[in-house]
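S.K.: One predicted model, sequence on top.
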Amino acid sequence: MSWRVFLQGLQCFADVIFCKGKIHALMYNGSLRVIDIQPDNPHVEDLAPPYPVLRGGSPPYIVESSNGLLMVERQNKISRSNDPIKEFVNKTLQYCI
């Protein structure tokens, strides 16, 4: 067994998941890359173009559901707290799936 480089240069992944024998890498801009790691024919494919991400949201992440993959992003509201122990409160306003 030897190491193999699939993606060269700076790659900014928001999330990575292994599903159906392939690595799915979600980029911070919302695009999705699939890395097929089969020994006889490894390759990288851009599966989905960049998706408009929410402003003020958390980085997008991938979840597996019903034998498929979903991209999830939370829109947050951060506000000051009245509690001296917790300086800020992070409240989820909505989920985008």
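M.R.: Received, thanks.
S.K.: drop to CA atoms for contacts and neighbour counts, all remaining ones
M.R.: OK.
S.K.: For Asn76, grab the count of nearby residues.
M.R.: 18 (other Cα atoms under 10 Å).
S.K.: That one and Pro59 touch, don't they?
M.R.: No. Here Asn76 does not reach Pro59: they are 10.7 Å apart, not a contact under Cα atoms under 8 Å.
S.K.: What sits closest to Glu45 if chain neighbours are left out?
M.R.: Nearest residue to Glu45, sequence neighbours excluded (Cα to Cα, 6 or more residues apart in numbering): Val34, at 5.2 Å.
S.K.: Any idea what that neighbour is bridged to?
M.R.: Beta-bridge partners of Val34, counted by DSSP bridges, are His24, Glu45.
S.K.: Check the gap between it and Glu73 for me.
M.R.: 20 Å (Cα to Cα, to the nearest Å).
S.K.: Next: His43.
M.R.: 28 Å.
S.K.: got the contact list for stretch 14-33?
M.R.: 11-13, 34-37, 44-53, 59-62, 64 (Cα atoms under 8 Å, 6 or more residues apart in numbering).
S.K.: Drop anything exposed from these.
M.R.: By neighbour count, with 16 or more other Cα atoms under 10 Å, the contacts of stretch 14-33 hold 13, 34-36, 53, 59-62 as buried.
S.K.: And these, which is closest to Arg80?
M.R.: Checking the buried ones among the contacts of stretch 14-33 against Arg80 by Cα to Cα gives Pro59 as the nearest, at 21.5 Å.
S.K.: Just list the residues touching the closest one, thanks.
M.R.: 14, 28, 73-74.
S.K.: Mark which of the residues you listed are buried, thanks.
M.R.: 14, 28, 73-74.
S.K.: tell me which strands and helices the longest strand that the chain contains is in contact with?
M.R.: The residue-count maximum for a strand in the chain (DSSP state E) belongs to strand 68-80. Here strand 68-80 touches strand 61-65, strand 88-96, going by 3 or more Cα pairs under 8 Å, 6 or more residues apart in numbering; DSSP states H and E.
S.K.: Show me what counts as buried in it.
M.R.: Those would be 71, 73-76, for strand 68-80 by 16+ other Cα under 10 Å.
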